[in-house]
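1. I'd like to go over a predicted model; first the sequence, then the structure.
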Number of protein chains: 2
Amino acid sequence: MDQKAHTIQPISLHDITIDDSFWNGYRRLVREVVVPYQWDALNDRIENAEPSGAVHNYKVAAGEVDGSFHGMVFQDSDVTKWLEAVAYLLVSGRDADLERTADELIDIVARAQQEDGYLNTYFTLKAPGQRWTNLAECHELYCAGHLIEAAVAYFQATGKRRLLDVAIRFVDHIDTVLGPEEGKLKGYPGHPEIELALMRLYEITNDPKHIELARYFVEQRGVSPHYYDEEYEKRGRTSHWDVHGRAWITWHKAYSQAHRPIADQDVAVGHAVRLVYLYAGVAHLARLSGDVGKLDACRRIWRNMVERQMYVTGAVGAQVWGESFTSDYDLPNDTAYTETCASVGMVFFAQKMLEADHDARYADVLERALYNTVLSGMALDGRSFFYVNPLEVHPTSICHDHKYEHVKPVRQRWFGCACCPPNVARLLSSLGQYVYLVDGDSIYVNLYVGGDAKLRAAATEVRLRQTGAYPWDGEVRLTLEDAGGFTGAIALRLPDWCANPEVRVNGNTVGLAAVTVDGYARIERDWATGDVIELTLPMQVRRVSGHPRLRHSAGKIALQRGPIVYCVEQADNNGDLHLIQVPADAQFEVLDGAAVDERFAGRRVIEVDGYRADAEASAGPSLYRYDEPVAASSKQRLTFIPYFCWGNRGEGEMRVWVDADRKKIV
Amino acid sequence: MDQKAHTIQPISLHDITIDDSFWNGYRRLVREVVVPYQWDALNDRIENAEPSGAVHNYKVAAGEVDGSFHGMVFQDSDVTKWLEAVAYLLVSGRDADLERTADELIDIVARAQQEDGYLNTYFTLKAPGQRWTNLAECHELYCAGHLIEAAVAYFQATGKRRLLDVAIRFVDHIDTVLGPEEGKLKGYPGHPEIELALMRLYEITNDPKHIELARYFVEQRGVSPHYYDEEYEKRGRTSHWDVHGRAWITWHKAYSQAHRPIADQDVAVGHAVRLVYLYAGVAHLARLSGDVGKLDACRRIWRNMVERQMYVTGAVGAQVWGESFTSDYDLPNDTAYTETCASVGMVFFAQKMLEADHDARYADVLERALYNTVLSGMALDGRSFFYVNPLEVHPTSICHDHKYEHVKPVRQRWFGCACCPPNVARLLSSLGQYVYLVDGDSIYVNLYVGGDAKLRAAATEVRLRQTGAYPWDGEVRLTLEDAGGFTGAIALRLPDWCANPEVRVNGNTVGLAAVTVDGYARIERDWATGDVIELTLPMQVRRVSGHPRLRHSAGKIALQRGPIVYCVEQADNNGDLHLIQVPADAQFEVLDGAAVDERFAGRRVIEVDGYRADAEASAGPSLYRYDEPVAASSKQRLTFIPYFCWGNRGEGEMRVWVDADRKKIV
């Protein structure tokens, strides 16, 4: 397995073109709305919004203007994440103005770099004497990671090295400060990010220094005596983030997955974004190192996460406290934290596991997170965002009950801590990276996203075109525009939600039993230009039920069609959504979303004859009743909309899990 | 109604003797365990417990010893609440040692009183210049209230005036500082308590000054411009309780029910204990003033509380944040706060409403709170306590999910903020006050608690004996030991949980339809010594269901027998209690608790043939499943124990609401 992994063929950003009825709109939004708006935000040009100061900080550090640092200790990363999204946009469509803006910004960033290669405006401007004194809390390496990612992406997109050279110079500097060698600090980041960034850098530089620094950060993590404690003592017990009078991150090491070495970790704990970022980096390192031990650690954490701590929407991080994981099978729907960034990070982690293990189940989770929670993070018009993605919302309670305080019933225009919107932007604009995976003579098709691909497999160049109307329709067509003499396998993911997939090659049905390996239909042959693979993934509406130990979904079902998880909203079904019920023999009708609201046109909604317990008839004021006869229910036509579409029509109740007919006991 | 209320005949503590198989044990625990233990705690004689300093503070203030103040700003009230409980104990059983201890303590308290009558050790010792500068936050009047209550009780119990005189002198002082007259501060307490205390004081002094001061505090509350703001500005914007950098109580006025005048309040909001204390005082004031407006305010708040914000256990205060009410029909079971003190205060409020309105439904709620949440606050052995009384506990999650942090799976030995244990002690030792109510020629029997009563009704003295085995058995017998020529009504509460009560007088069945008024069976006659009233309250096990809008109990039932609400515990039923189910046609078997555990002997438990969804058979690792066939269930004998008995056998899952058979829809 690990040997096979070594033969993965990188796919250039330029070789994938997306042209897809579902994604085109999102990608246009990112280009036309999200990225321009964010540029204004970063330059403090949005009225009535808290100033960002992020670009200003770089300008001050570059000596261009006078001023002082503004914002969070990780403010720099807002700029570099924006730059990364811009890089991807420049690949998918030329935009001279945007590229000039980016180049000018890069120039400022470059001039903010210090003589010794150091680059972080918070420390340069605000705390120059405190560099590298608080790795646990101060996001110094996290910001470095985002700088590296932006630099790699911008280089890949434009071929321009300016930012890449800056990043490499900074990495060289970091390498002189931190590391296993005598005289260097034995630190590592409180917020992982640089690990996965260094691995991305290594993939383009092949400089052993880059992978070795990543390895150092991964292997040093959680080692005793603990570096967080040492630096805490060394700097005189000061704290950047005091929580209840405690240097919280130093104290609560599991929050940063630094409570023990990675080799000894087996449960997903702590801050969810940190975990998925960290393990995305570890999985990448493990694959490129052929390190079975590290890969096993990744597999353990992955399994714990997806088998015990993941919502049906693919979201993770059940609680607001520490934005963190909780415990096995504890997935409350109404207090869920489920940060958008954690789902973005899930996509990263899943992708790295997929590259290592070539098992379609990783792509199933990637798809689940992508089509549900990542997308729910952004409004349909691209102009507002969720940080938190609950599975049940009851707006009246949100206003009054503090345990729901983090839950917003409608998306927000922006955030004081604005990590999520640019993360959605960079993921959606780089979607092409997740469609195909090439390993030796195998082409894996992981996402069903329309467009063209130029892939290098079995030492030849293959041109593929994918068409279809996924995720609303399960007919996918792959045409070999140019087979280039390719002999090998095209492996089509058979999604876990599909009970009865069919594959035809040039019209001839393929017997799947014989060719299904790790969730893929592997079609091996000598391919010819013009060959057509037709994949049929029948999209019945499926009733999803939770594991029996999942008490928050006990007696309930969710609906899923294709990869899309559905929900009910008050706007279509009236309030008190706990009163509605989907009978066991329900016949589902799939309609175009326009039937519900013009904003949903082109999407699919589900209608079904269900029931509603009659609250008024049996009510009366009494809160509790004795031996009440079975409540009368009346028929109600129920409307389910895609979860990612919720909250686009003002404030109202929403829930993913609805009451099912109970099991008949005999 | 208000006119009638004026004729209520106070019942002396000395005229009620409790001798009851259920309560004797609790009252013995209070005498032998709780009060002695608390005395040790107040004197810092408990090893490994946080020092209280409460008695020490008084000694320092009295000039007896050197030292400084220790503890909370309301530390004094721990001492006076203890004294109040002691007063009641001295009524129900002579104890020369205890009385001497109390007298000596009272002597110290008296010597801690300042020249001008002021008495509060925090301000005397720690902040002498800051008296009356922070009424919103600093519990100065709250402590005064508890001092008054203790003084009234000790006077009623022993006839000794020492503490009463101290309290009256302090009230005189308060009256010179606060009030509507020019030159006085226009303040009122952040934590209500003095209102109900002043009304108790007024009932023994008949001094108009005392009721007028109570009236002032009630009527000044929430008036604009707001006193909390004025004093905040006046003292230079300092804060005693800074929450998130904000003078929180000043800012969040609804927390203290000071957001608007009481006349304009119609929803139960804010800190639950404050609300029930406040409205107990308002209801008392309203009755004695014949003030229909204030009584209507009480009725509005009461109805909102019991019809929309009360748990089936009688507990209130759904959230940990602000220990407060939330919104209508928002009663989560696993994150419930439901402080023991709030249930104690519910008893106070209910009693005052009962005195005003003579409607048995108030006594039903009083009984519900008393037998369920007040009792669950204390372990069966009297040695540990719950501050928080959840209706569902899942210990594994409690450790990992911060939103459950306030929930303890087992009772604690003591608390840093030790308000609840002494509150339980003073309530249980004064239980006699709640059994009967006399108004003119009507004797209301509100609680079915065995013992003797000497009551003054229709200008004659009536001696009653009550016997029975309530709450386990519904046969209650009232014997007129001495009718004293009483002509009038004996009104027996017909509890809301009882579908088919029967009453016999001297063996002759009474037709209840004709004599039932406001939930009481009113038996009017010329009573003769030796007359016997037999009340039969059949105690079927009842399936309780929640109001349809109560989403947290949707599809679930609770069991109740008599006033006792039941729960299931892991110890008897294994874990994953969300998997068990009580069928619609369940036959309940009521057994002596010894069948389950010796500690439950004499109590009643319920067994029933139920079901458990088979988690293991259908499980597999997958967290979500598609179109899964109905889960197999196997029969399981289920054991329900009284809710107040939960958590006496170590840590484990518990829940009150269990899955019911779903309604059949036709």
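-> Sure, I can see it.
2. for the nearest residue to A:T205 once chain neighbours are set aside, what are its contacts?
-> Nearest residue to A:T205, sequence neighbours excluded (C-beta to C-beta, 6 or more residues apart in numbering or on different chains): A:I168, at 7.2 Å. Every C-beta, even on glycine, is put in place using the N, C-alpha and C of the backbone. Shown in contact with A:I168 (C-beta atoms under 8 Å, 6 or more residues apart in numbering or on different chains): A:151, A:201, A:205.
3. same question, A:Y311
-> If you count contacts by C-beta under 8 Å, 6+ apart, A:Y311 has them with A:318, A:331, A:333, A:336, A:338, A:373, A:391.
4. secondary structure class for the fourth one?
-> Put simply, A:A336 is coil when judged by DSSP: H, G, I helix; E, B strand; the rest coil.
5. Once you drop chain neighbours, what's closest to it?
-> A:P390 is the one closest to A:A336 (C-beta to C-beta, 6+ apart), at 4.7 Å.
6. So the one you found lies in a strand, does it not?
-> No. Looking at A:P390 with three-state DSSP, it is coil, so not inside a strand.
7. Tell me the one of the contacts of A:I168 nearest chain B?
-> The closest of the contacts of A:I168 to chain B turns out to be A:L201 (C-beta to the nearest C-beta; 34.8 Å).
8. The closest one: neighbour count?
-> Residue crowding around A:L201 was assessed by other C-beta atoms under 10 Å in any protein chain shown; the count is 27.
9. is it true that it lies in a helix?
-> Yes. With three-state DSSP as the criterion, A:L201 is part of a helix.
10. Would you tell me what helix or strand the residue nearest to A:T205 is located in?
-> Here A:I168 sits within helix A:162-177, counting by DSSP states H and E.
11. Same check on A:E115?
-> Here A:E115 sits in a region with no helix or strand, counting by DSSP H and E.
12. so where is chain A shaky, pLDDT-wise?
-> Along chain A, the parts satisfying pLDDT under 70 run over A:1-6, A:243-245, A:414-418, A:616-619, A:629-631, A:662-666.
13. which non-adjacent residue is nearest the residue positioned nearest the centre of it?
-> Geometric centre of chain A, nearest residue: A:V344, 1.2 Å, by C-alpha atoms, centre = their mean. Residue nearest to A:V344 in three dimensions, not counting chain neighbours: A:N423, with 4.5 Å by C-beta to C-beta, 6+ apart.
14. wait, that neighbour sits on A:W82?
-> No. Judged on C-beta atoms under 8 Å, A:N423 makes no contact with A:W82 at a distance of 10.7 Å.
15. What is the burial count for whichever residue of the stretch 351-500 of chain A sits closest to chain B?
-> Nearest residue of the stretch 351-500 of chain A to chain B (C-beta to the nearest C-beta) works out as A:H402 at 3.1 Å. Using other C-beta under 10 Å, A:H402 has 14 neighbouring residues.
16. Now do the contacts for it.
-> By C-beta under 8 Å, 6+ apart, the contact set of A:H402 is B:319-322.
17. and chain A, which of the residues you listed reach it?
-> The residues of the contacts of A:H402 that also fall near chain A, by C-beta under 8 Å from any C-beta of the partner chain, are B:319-322.
18. what's the neighbour count on A:A62?
-> The number of residues packed near A:A62 is 17, by other C-beta under 10 Å.
19. Excluding covalently adjacent residues, which one is nearest to it?
-> Nearest in space to A:A62, with sequence neighbours left out and distances taken as C-beta to C-beta, 6+ apart, is A:R111 at 3.7 Å.
20. my guess is that neighbour meets A:G63, correct?
-> Yes. Shown here, A:R111 and A:G63 form a contact pair, counting by C-beta under 8 Å, at 6.9 Å.
21. And these two? Which one has more around it.
-> A:R111 (14 against 10).
22. What is the three-state secondary structure of the more buried one?
-> With three-state DSSP as the criterion, A:R111 reads helix.
23. What segments of the stretch 351-500 of chain A are helices?
-> A:360-368, A:375-376, A:395-400, A:420-429 (DSSP state H, counting those that start in this stretch).
24. can you tell me if the third one touches chain B.
-> Yes. Contact check for helix A:395-400 against chain B, using C-beta under 8 Å from any C-beta: residues in range are A:396-397, A:399-400.
25. Kindly report the residues of the stretch 401-550 of chain A close to chain B.
-> A:401-403, A:405, A:497, A:499, A:542-550.
26. what about 10 Å?
-> A:401-405, A:496-499, A:540-550 (C-beta under 10 Å from any C-beta of the partner chain).
27. Hmm, A:G377 and the residue nearest to A:V344 touching each other?
-> Yes. Using C-beta atoms under 10 Å, A:N423 is in contact with A:G377, at 8.2 Å.
28. Need the residues touching each of the two.
-> A:339-341, A:343-344, A:385 (C-beta atoms under 10 Å, 6 or more residues apart in numbering or on different chains).
29. In these, which residue is surrounded by the most others?
-> Counting neighbours by other C-beta under 10 Å, A:S343 leads the shared contacts of A:N423 and A:G377 with 34 neighbours.
30. okay if I get the contacts of A:I168 as TSV plus distance to B:L623?
-> Output for those, formatted as TSV (distance: C-beta to C-beta, whole Å):
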residue	distance to B:L623
A:A151	38
A:L201	35
A:T205	39
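31. Could you single out the nearest of the residues you listed to B:L141?
-> In terms of C-beta to C-beta, no member of these lies closer to B:L141 than A:A151, at 64.3 Å.
32. Determine the number of other residues adjacent to the closest one.
-> 31.
33. And it, how close does it get to A:E140?
-> Going from A:A151 to A:E140 by C-beta to C-beta, to the nearest Å gives 17 Å.
34. ok, back up a step: present the contacts of A:H402 as TSV; the columns should include neighbour count and secondary structure.
-> Listed next are the contacts of A:H402 as TSV, based on neighbours: other C-beta atoms under 10 Å in any protein chain shown; DSSP: H, G, I helix; E, B strand; the rest coil:
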residue	neighbour count	secondary structure
B:Q319	25	strand
B:V320	21	coil
B:W321	16	helix
B:G322	22	helix
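35. I'd like to know how far A:T121 sits from A:L147.
-> Relative to A:L147, A:T121 is positioned 11 Å away (C-beta to C-beta).
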